[in-house]
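J.: Sequence first, predicted model second:
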Amino acid sequence: MPDVFEVLGADHADVKGMLTVLSESPGHTDPDKAVQAARQDVVDYLVMDSSRHEAAEEQYFWPTVRQRVENGNELADKAISQETKAKEILAKLDKASSRDQEFDELLVQFIPAARQHIAFEENRVWPSLREALSPAESEELGDKIQRAEEKAPTRPHPHTPPRPGVLKTAGPAMALIDRLRDAVSARGRTD
């Protein structure tokens with residue numbers, strides 16, 4: 001069973017890959033419709049994956065950091081603030097078209113902020129949490145996060161308070177609505 005750092009590390013690797021693809025892709029002025037469609041697809045996956053990831057972290061990871069790491073409240077507060085700003089940008093990206101200048105402007109804001117957040121988490125938070133958790137606790141937390149991601153919303157909800165209790169009660173309803181919207185719009189399908 002993967003531990004929390006393996007689970008979150010795999011998520012981070014996926015996001016980093018998408019950020020690289022987006023940062024290296026041509027902008028909204030590229031006339032190639034296939035390029036624009038591909039950019040839109042990558043952003044759809046980025047929004048979906050990031051939304052699930054952040055919801056699961058806010059339910060399980062950050063409460064554990066608060067409880068088990070000496071300066072956990074400070075670290076969690078900073079990270080959640082970063083995540084809230086990211087959700088606001090992702091919510092706008094989710095509605096933007098890859099053919100619009102706004103799309104590129106939002107990516108210019110999001111890409112460095114996302115990279116900075118991932119680095120903060122991996123370099124500032126993970127070392128302290130690794131010391132605080134036993135291997136069994138780390139695996140248990142990884143399992144909780146994986147299960148939460150499977151049931152999490154697929155769209156950002158920046159106005160939902162990032163509190164575990166709220167997310168555990170409201171999250172399933174938001175996720176159901178998100179998944180219905182995804183099914184109707186064919187969002188996230190690979191076929």
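T.: Received it, and whenever you're ready, just let me know what you need.
J.: quick one: secondary structure of the most centrally placed residue in the chain?
T.: Centroid check for the chain by Cα atoms, centre = their mean gives residue 50 as the closest residue, at 2.0 Å. At residue 50 the chain is in helix, as set by DSSP: H, G, I helix; E, B strand; the rest coil.
J.: need the contact list for it.
T.: Contacts for residue 50 (Cβ atoms under 8 Å, 6 or more residues apart in numbering) come out as 15, 86, 90, 114, 156. Just so you know, the C-beta spots here come from the backbone N, C-alpha and C atoms, and that holds for glycine as well.
J.: surely the second one meets residue 112?
T.: No. Residue 86 sits out of contact with residue 112 when judged by Cβ atoms under 8 Å, with a separation of 11.1 Å.
J.: Name the residue in those two with the higher neighbour count.
T.: residue 86 (20 against 12; other Cβ atoms under 10 Å).
J.: how close does the more buried one sit to residue 106?
T.: In this view, residue 86 and residue 106 are 11 Å apart by Cβ to Cβ, to the nearest Å.
J.: can you check residue 134 too?
T.: Separation of residue 134 from residue 106 (Cβ to Cβ): 41 Å.
J.: Comparing these two, which residue is more hemmed in?
T.: Higher neighbour count among residue 134 and residue 106: residue 106, with 21 against 8, using other Cβ under 10 Å.
J.: Can you tell me the SS state at the more buried one?
T.: Classification of residue 106 using three-state DSSP returns helix.
J.: Show the secondary-structure elements that the host helix or strand of residue 145 is packed against.
T.: Assigned by DSSP states H and E, residue 145 falls within helix 135-151. If you count contacts as 3 or more Cβ pairs under 8 Å, 6 or more residues apart in numbering; DSSP states H and E, helix 135-151 packs onto helix 4-24, helix 33-56, helix 164-185.
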